[in-house]
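**Student:** just need the structure, nothing else, for what follows:
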Amino acid sequence: MIKHYYKSLRTQQVQELSEPKRGSWIYAEAPSHKELEQLAETYNLELGHLEDALDEEEMPRLEKEGDHSYIFIRFAYRTVDGVVATAPLLFVFAGEVLITISLVRPPFLDRFMAGRVEFATTQRAKLMLQALHLIVDQYDSFINTTSKQIKLIRSRLRGHEIRNQDFIDFVTIEDELNEFLSALQPTNATLRRLLLGRNVPLFDEDQDIIEDLLLNNEQSIEACSSNIKSIINIRAAYSSISSNNLNRTIKILTAATVLLAIPNVFFGMFGMNVGLPFQEEPWAYEMVLTFTILAVGGGFWWAHNRKIL
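**Tutor:** Predicted coordinates:
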C-alpha cells in the first residue's frame, strides 16, 4: 500500500493526493515487490535498499547512494496479541520528496494524521526528526512500563510472595529489553552520522533536535541496561534465598530425625526378649524414660549451640 500525503506550513489539514508532487510524503506500508520496483524506477533508487526495509531483522544504519540518503530505523509497537516488538522503518530522501517504507503501521503516523503534531511534509528533514522523536518517546513509554512491572515483582520478593509466573514474565521482559537495546544502540551511530550534516541538509534547529534525540536515546539505553541488571539481581537474590531456605529445612529435618532416633534406640533395646539390667526393678521404666529425655535434651542443646536448630 502506498499513499501520498501533503501538508505545507500554511495548511492545517493533511491532504492525501492521488499522485505525488514536490514536497509530498510518500508513505509505503508493506508494499508489494511491484510497488517497490515502481518507486525505484520513478525516483532512481536502489531497489536493494528498499527491499531491506521489509526485512524484519534489518538494523538501524545510514546509506548514501549518489544524491539519495537511506536512513534505517527501528520503532517499537504493540502487536494485536499484545506483544511488544520492533520493526524496521526506512526514510529515503529522494529529489524533493520524503519516502518512508515499513512492514507495519508506525504508531507515530496516527498522531501526525490526527493533527496532534504540527508538521509540514515540505520540511523533509524536520518531518523525519519529528518522527524519530515520537519513536524515542514510544521506547521510553514501553521502558517505563517495564520498570514499574519489575519494581512490583521486586516488592513481592521482599514479602516472599514471588511466583513462578513472575520468572516467566522476566523472560519476556528481558527479551523485550534486549530487542530494544539492539535497536537503540545502532540508532545512536546513525544519529551521529546525521549530525555531521553531510547526508541530509540540516538547519541549526535540526541539529539541536538531533542532539536532544541522542541524549534521550542514551537515557533509554541506560534504562534498558539498568532494568536488565535489576532482573538479574532479583533472580540471583531469589536463588540465594531459596537455596538458604532449603539448606535450613534440610538441617532441621536432619536434626529432628536424629533426635527422634535417640528414644527409638533405648526403647528398642529394652524391648528385646533377652535378659537386661534392672529389668526386675519397679523403677526400670522411669529410669529408661528419664535417661531418654536427658539424651534428647542433650542432643537438642548441642544442635542449638551448633546453630543447626
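**Student:** domain parsing for the chain?
**Tutor:** 1-122, 247-305 (automatic domain parsing).
**Student:** any idea which of the ones you listed is most buried?
**Tutor:** Looking across the domains of the chain with neighbours counted as mean count of other Cβ atoms under 10 Å, the highest average goes to domain 1-122: a mean of 16. Every residue, glycine included, has its C-beta placed from N, CA and C.
**Student:** distance between the ends of stretch 11-28?
**Tutor:** 23 Å (Cα to Cα, to the nearest Å).
**Student:** output stretch 219-228 as PDB, restricted to C-alpha atoms.
**Tutor:** C-alpha atoms of stretch 219-228 as PDB (Å, rounded to 0.1, in the frame of the first residue of the first chain):
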ATOM      1  CA  GLN A 219      18.900   7.600  28.500                       C
ATOM      2  CA  SER A 220      16.800   4.900  27.000                       C
ATOM      3  CA  ILE A 221      19.800   2.600  26.600                       C
ATOM      4  CA  GLU A 222      20.800   3.200  30.200                       C
ATOM      5  CA  ALA A 223      17.300   2.500  31.400                       C
ATOM      6  CA  CYS A 224      17.200  -0.800  29.400                       C
ATOM      7  CA  SER A 225      20.600  -1.900  30.900                       C
ATOM      8  CA  SER A 226      19.500  -0.900  34.400                       C
ATOM      9  CA  ASN A 227      16.300  -2.900  34.100                       C
ATOM     10  CA  ILE A 228      18.200  -6.000  32.800                       C
END
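**Student:** dump the domains of the chain into CSV; add distance to Tyr139 and mean pLDDT as well.
**Tutor:** CSV is the format used below for the domains of the chain (distance: least, Cβ to Cβ, whole Å; pLDDT from 0 to 100):
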stretch, distance to Tyr139, mean pLDDT
domain 1-122, 5, 88
domain 247-305, 43, 74
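**Student:** and Asp204, which of those is closest to it?
**Tutor:** Asp204 lies closest, by Cβ to Cβ, to one member of the domains of the chain: domain 1-122, at 17.9 Å.
**Student:** run the chain-centre distance for that closest one.
**Tutor:** 26 Å (Cα atoms, centre = their mean, to the nearest Å).
**Student:** quote the end-to-end distance of it.
**Tutor:** First-to-last distance for domain 1-122 - Cα to Cα - comes to 22 Å.
**Student:** now Leu62: which helix or strand?
**Tutor:** Element membership of Leu62 [criterion: DSSP states H and E] is strand 61-65.
**Student:** partners of that strand in the sheet?
**Tutor:** strand 68-78 (antiparallel) (DSSP bridges).
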